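> Sequence and predicted structure below; questions after.
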Amino acid sequence: MPQVLTANRLSDGEVVYLAADGAWVEDLDAASTLVTKADGEAALATGAEAEQNQQVVQAYLFDVVDALAPLRPIKKREIIRAAGPTVRTDLGKQARV
Amino acid sequence: MYRYDEFDQKLVDERVEQFRGQVARRLSGELTEDQFKPLRLMNGLYLQLHAYMLRVAIPYGTLSSRQLRMLAHIARKYDKGYGHFTTRQNIQYNWPKLADIPDVLADLAMVEMHAIQTSGNCIRNVTSDHFAGASADEVDDPRVWSEIIRQWSTFHPEFSFLPRKFKIAVTAAPKDRAAIKVHDIGIVIRRDASSTLGFDVYVGGGQGRTPFVGHLIGESIAAGDLLAYLEATMRVYNQYGRRDNLYKSRIKILVHQIGADEMRRQVGVEFAEIKSHGALALPQAEIDRIQAYFAAPAFEKLSDETALLASRKKQSKAFAAWHDTNVAKHKVAGYAIATISLKPIGGVPGDASADQMDIVADLAERLSFDEIRVSHEQNLVLAHVRQRDLFDVWQKLDEAGLATANYGLISDIIACPGLDYCDLANARSINVAQAVSKRFADLDRQRNIGELKLKISGCINACGHHHVGHIGVLGVDKKGVEYYQITLGGSGDETASIGDIIGPAFAENEVADAVETLVDTYLGLRQQGERFLDTYRRLGIQPFREKLYAAH
C-alpha cells in the first residue's frame, strides 16, 4: 500500500508532508507518494534528519488509498489531520481551499 | 477571590522566563524534542493532531472578569478566536504556535494565571463545586481548602514525579457537583453537631481504562491535619504505586489491589509519622488568611423577587424556560445562581468564542461581583446575580447565543475534543454530541425527559466522563471505522456509580437513534418523579437492552 511521510512543523505544529523535492509541504496533494519499502525507508531517514535540524517533530508514515491524486488517507485520523476538525470546517487546511 | 502574593507572582514570572529560554533553545536546536517534551508538558503544552495545544489552569474553576478577558484576548491574538472549557475546569487553546507560548504565558501571568501542572505526573489543577460560596447546601466554601491544597501541591518536590497524574476534587455540600468520588482523592467537607469542620477523604476513584468509585479512607480529618493526611496518602502512593505499567499506575489500581482497609492502615501509619513531627500542621492563622480571600461579597439585604420574576416569566416564555432550567437557588435571599450553557443545540460542547467570553466577563463585572465559574460539566456560571437582574442577564446572554435553557438536560452533554483534535482519541465525540443534541433540539421535549446526563469520550481515557454518564458513549475504532459503545447507569454525584455496557457498539449514524430508543424506553417505564437514572436503578439494564437491540 502506498504511503506518505508526515510530521508536525516544530515552530507552529502545522501538519506537514514530505514532497518529492525534499521540501515539507502543508497540502497532502503536494506530498510524495512512497510506493516501495525502500522509498518509505528513505523518507523516514529524511524525516529523522528534519527532526534533528529543528524542522519537524514526530515524523511517521501513513497509508493512502492509492498513488493517484487526490491522495486520500485510509485512517480517519489522517483524513482529519489533512483537512482540519470535521466539526469546524472554517478551521485548518480545509478552510484555506 | 485569592490574589497572588509576592511569592506566587515571582514564582510564576520566573517560570515564564525559564520557559522562554527553553523554547528558544528548542528552536535553535540546543534542546532535542526528547529533552524538550517533558519541559513543555510541565507548562501545559501538548502537540495534538493539527497544532500545539495549551491547557491553562483555572484553579477550582474560579475566574475574575479581568482573567476571563485575558483568556479572550489570548484566543484572539494567539489562537483562532475561541477556547475550549474542559471537564477539569481548565481552558484549552487548540492552535497556538510554539514561538508564541512564552508571550501567552507572560500575558497569563499578568492576571495571576499559568499553565503549570496541567500536564505531567504531578498533582493537577484542584477542582471544586462550581456553586461554591453561593449554594445554600454547603457547610463551608470549598475553594478555601482547594486553594490551600493548590499552594501545598504547587511545585511540591516530593510529588513532582509521581507514578502517574493525580487529580484532587473538593466539595463542601452533600450534593456532589464536583464528581469527587471519581478522582484520585475526593474530599467532602462536613460540619459536626458542634459546627467543627471535618474532612472525609475518598481515595482511589477514577475513570479511564479501569474505572472505580473512590473508597472512604480518612474520616472526619481535622482541618489542621488536612495537609498531613493528604501528604500521607501521597507518600503511600509514591512508594507503592506502579511505575512499570502505565495502565496500572494510578492510585485507584493500588487501592484496588491492596484493598481499602490496607490502604487506610498504611495511610494511618504515615499520617501518625508526619503528625509526630508536627511540621505539616496547618496553622489557624494561615487558614484565616486564605479564608479572608473568599469572604462573601457585599450582598445587599434583599427579599426574593417572586412577583417580579413571575411577571417577567409571563412576559417571555423563553426567559421562563431559562429561569426554570438554568437558575439555581442562592443562599442569600434576593440572589440567584445562573448557569450559562456552553451547549447550544448542535454546537461544540465547552467551546466559547472570544466575544462570548468578553460578554460573560462584562456581565460578571457588572452584575455578579466580578466572578465567573467554570463547571466540570463545561458550562460557565454567574454565581451571585440579583434576582431583579436575571432578566437583563438573560437578554444579554440570549443576544450572544449563550442562553440555551438546557442545564442538566439531555443536550447539556459533556464531550471531550475527540478525534477532531486529540492525538490520543480513537473516534470523534463532538459529532455524536451534535447529532444527539439536534435530535432532542425541542426543549419542551427535553424538559419532559428531565435530568439526563449524557457524556461522551473519544477514547478509553474518559476525559468526557462517559463512565459516569446516566447514558455514556465511548468512541472506539473497529478496523478503521468509528463505533460507539453505550453504557447506562453511571453517575458522578454523591451516589456515584460506573455505567454498565449495554451491548454491541453502534455505528456513528446509529447513535442518536439508539439514545432516542433508550429515552423512549425510560419514558414508557418511569414512575412519578423518576429521573432516567432512578428508573434504570429500579429496573436494571434488561428492559433497555431488549428495546435497544430489538429495534437495532
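Received the coordinates, thanks.
> so B:I337 sits right up against B:D137, yeah?
No - counting by C-beta atoms under 8 Å, B:D137 is not a contact partner of B:I337; they are 11.6 Å apart. C-beta: built from backbone N, CA, C; applies to glycine.
> After whichever strand or helix holds B:P38, which helix or strand is next?
Element membership of B:P38, judged by DSSP states H and E, is helix B:33-42. Going down the chain from helix B:33-42, the next helix or strand is strand B:45-47, by DSSP H and E.
> Walking through chain A, point out its strands one by one.
Remark: strands assigned in chain A by DSSP state E are A:3-9, A:15-18, A:24-25, A:56-63.
> So which elements touch the first one?
Using 3 or more C-beta pairs under 8 Å, 6 or more residues apart in numbering or on different chains; DSSP states H and E as the contact criterion, the neighbours of strand A:3-9 among helices and strands are strand A:15-18, helix A:37-52, strand A:56-63.
> Close to chain A: what parts of chain B are there?
Contact residues (C-beta under 8 Å from any C-beta of the partner chain) of chain B with chain A: B:26-29, B:33, B:47-52, B:80, B:95, B:97-99, B:348, B:419-421, B:427-428, B:430-431, B:434, B:477, B:480-482.
> Can you name the residues that contact the nearest residue to B:R209 once chain neighbours are set aside?
Once flanking residues are discounted, B:R209 sits nearest to B:I460: 4.9 Å by C-beta to C-beta, 6 or more residues apart in numbering or on different chains. Residues in contact with B:I460 (C-beta atoms under 8 Å, 6 or more residues apart in numbering or on different chains) are B:G208, B:R209, B:N426, B:L474.
> what separates B:I460 from B:S119, distance-wise?
Taking C-beta to C-beta, to the nearest Å as the measure, B:I460 falls 19 Å from B:S119.
> What ranges does the stretch 51-200 of chain B have for its helices?
Secondary structure of the stretch 51-200 of chain B by DSSP state H, counting those that start in this stretch: the helices cover B:65-78, B:101-110, B:142-153.
> Those into CSV, with extra columns for mean pLDDT and distance to B:N245?
Converted to CSV, those look like this (pLDDT from 0 to 100; distance: least, C-beta to C-beta, whole Å):
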stretch, mean pLDDT, distance to B:N245
helix B:65-78, 98, 37
helix B:101-110, 98, 32
helix B:142-153, 97, 25
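> relative orientation of the strand or helix carrying B:L227 and helix B:142-153 in degrees?
Assessed by DSSP H and E, B:L227 sits inside helix B:226-240. Here the directions of helix B:226-240 and helix B:142-153 differ by 50 degrees (axes from the mean of the first three to the mean of the last three C-alpha atoms, to 10 degrees).
> Against which helices or strands is helix B:226-240 packed?
Applying 3+ C-beta pairs under 8 Å, 6+ apart, we find helix B:226-240 packed against helix B:142-153, strand B:185-191, strand B:197-203, strand B:215-222, helix B:251-258, helix B:260-277.
> contacting residues for B:Q434?
Contacts of B:Q434 (C-beta under 8 Å, 6+ apart): A:V87, B:G346, B:G347, B:V348.
> cool, B:R243 as well?
Residues near B:R243 by C-beta under 8 Å, 6+ apart: B:P163, B:S249.
> Wasn't it part of a strand?
No - applying DSSP: H, G, I helix; E, B strand; the rest coil, one finds B:R243 to be coil, outside a strand.
> what's the spacing between it and B:R164?
Using C-beta to C-beta, B:R243 is found at 8 Å from B:R164.
> got it, and B:T210?
According to C-beta to C-beta, B:T210 and B:R164 sit 12 Å apart.
> same thing with A:P2?
From A:P2 across to B:R164, the span is 39 Å (C-beta to C-beta).
> Which one's more surrounded, the two?
Between A:P2 and B:R164, B:R164 has the larger neighbour count (other C-beta atoms under 10 Å in any protein chain shown), namely 22 against 17.
> Name the nearest residue to the more buried one, ignoring sequence neighbours.
B:S249 (4.0 Å).
> Then B:S411?
That would be B:S437: by C-beta to C-beta, 6+ apart, it lies 4.3 Å from B:S411.
> Low-confidence ranges, the chain, go.
In the absence of a named chain, this looks at chain A. By pLDDT under 70, the low-scoring segments of chain A are A:67-68.
> right idea, wrong chain: chain B
For chain B (pLDDT under 70), the answer is B:551-552.
> how about the helices of the stretch 51-200 of chain B in JSON lines, adding mean neighbour count?
Output for these, formatted as JSON lines (neighbours: other C-beta atoms under 10 Å in any protein chain shown):
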{"stretch": "helix B:65-78", "mean neighbour count": "21"}
{"stretch": "helix B:101-110", "mean neighbour count": "20"}
{"stretch": "helix B:142-153", "mean neighbour count": "24"}
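> And the closest residue to B:A106 other than its chain neighbours, which helix or strand is it part of?
Spatially, and ignoring its direct neighbours in sequence, B:A106 is nearest to B:V16 (5.1 Å; C-beta to C-beta, 6+ apart). B:V16 belongs to helix B:6-28 when assigned by DSSP H and E.
> Now find how far off-centre that helix is within its chain.
Centroid displacement of helix B:6-28 relative to its chain, using C-alpha atoms, centre = their mean, to the nearest Å, is 27 Å.
> what helices or strands is that helix leaning on?
For helix B:6-28, the packing partners by 3+ C-beta pairs under 8 Å, 6+ apart come out as helix B:33-42, helix B:101-110.
> can these go into a markdown table with extra columns for distance to B:R545?
What follows is the helices and strands packed on helix B:6-28, written out as a markdown table (distance: least, C-beta to C-beta, whole Å):
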| stretch | distance to B:R545 |
| --- | --- |
| helix B:33-42 | 42 |
| helix B:101-110 | 48 |
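> Go through the ones you listed and name the closest to A:I74.
helix B:33-42 (26.6 Å; C-beta to C-beta).
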